[in-house]
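Test case, fold it:
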Amino acid sequence: MIAAVGEDAHQIALAVEALLEALRYQRNRHRRRIGTILVLMIPVLFIGMLLGASYGIEEGRSRERYDSQFNTLPMLPEESRLR
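You can find the predicted model right below:
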């Protein structure tokens, strides 16, 4: 009876060890996958920020150009200035 309990305990210990090893392996794979995703996403993020900033700068410049057309005082024709 005691030998059977010892054998069962040994089998349980082996099963727990195998389970823990599998969990460690799965966590490492998950960490690697997250690391790979981050490595791929960081350049995409920076490129998106650069494109967004350049679009915003260009949009601001075109808005300034458009507004500058209407913010100037209207010029009178030459003939009406002389009178």
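
I'd like to know how many residues surround Leu14.
10 (other C-beta atoms under 10 Å). Using the backbone N, CA and C atoms, a C-beta is placed for each residue, glycine as well.

Could you do Arg61 as well?
Using other C-beta under 10 Å, Arg61 has 10 other residues around it.

Also Gln26?
Around Gln26 there are 10 residues (other C-beta under 10 Å).

remind me which residues of the protein are low pLDDT?
1-6, 28-31, 71-83 (pLDDT under 70).

Scan it for its longest helix.
helix 2-70 (DSSP state H).

Show me what it is packed up against.
Judged by 3 or more C-beta pairs under 8 Å, 6 or more residues apart in numbering; DSSP states H and E, helix 2-70 is in contact with no other helix or strand.

what's the offset of it from the middle of its chain?
Distance of helix 2-70 from the chain centroid (C-alpha atoms, centre = their mean, to the nearest Å) equals 10 Å.

For the remainder of this discussion, apply numbering that starts at 46.
I'll keep to 46 as the first residue from here, and by that count the last item is helix 47-115.

Could you check how far the residue most central in space within the chain is from His55?
Note on the chain: the residue nearest the mean C-alpha position is Leu90, at 4.7 Å, using C-alpha atoms, centre = their mean. The gap separating Leu90 from His55 is 52 Å, by C-beta to C-beta, to the nearest Å.

Equivalent analysis for Ile82, please.
The value you get for Ile82 to His55, if C-beta to C-beta is used, is 41 Å.

what's the spacing between Ser113 and Ser107?
11 Å.

which residues do the two both contact?
Here Ser113 and Ser107 have no joint contacts, going by C-beta atoms under 8 Å, 6 or more residues apart in numbering.

gap between Leu68 and Glu62?
11 Å.

Alpha carbons only: can I get stretch 88-101 in PDB?
Taking Å, rounded to 0.1, in the frame of the first residue of the first chain, the C-alpha atoms of stretch 88-101 are listed here in PDB:
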ATOM      1  CA  PRO A  88       8.200  51.400 -37.200                       C
ATOM      2  CA  VAL A  89       4.600  51.400 -38.400                       C
ATOM      3  CA  LEU A  90       3.700  53.800 -35.600                       C
ATOM      4  CA  PHE A  91       6.500  56.100 -36.200                       C
ATOM      5  CA  ILE A  92       5.900  56.200 -40.000                       C
ATOM      6  CA  GLY A  93       2.200  56.900 -39.300                       C
ATOM      7  CA  MET A  94       3.200  59.800 -37.000                       C
ATOM      8  CA  LEU A  95       5.600  61.200 -39.500                       C
ATOM      9  CA  LEU A  96       3.000  61.000 -42.300                       C
ATOM     10  CA  GLY A  97       0.300  62.500 -40.000                       C
ATOM     11  CA  ALA A  98       2.600  65.400 -39.000                       C
ATOM     12  CA  SER A  99       3.600  66.100 -42.600                       C
ATOM     13  CA  TYR A 100       0.000  66.100 -43.700                       C
ATOM     14  CA  GLY A 101      -0.900  68.400 -40.800                       C
END
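
No further queries at this time; thank you.
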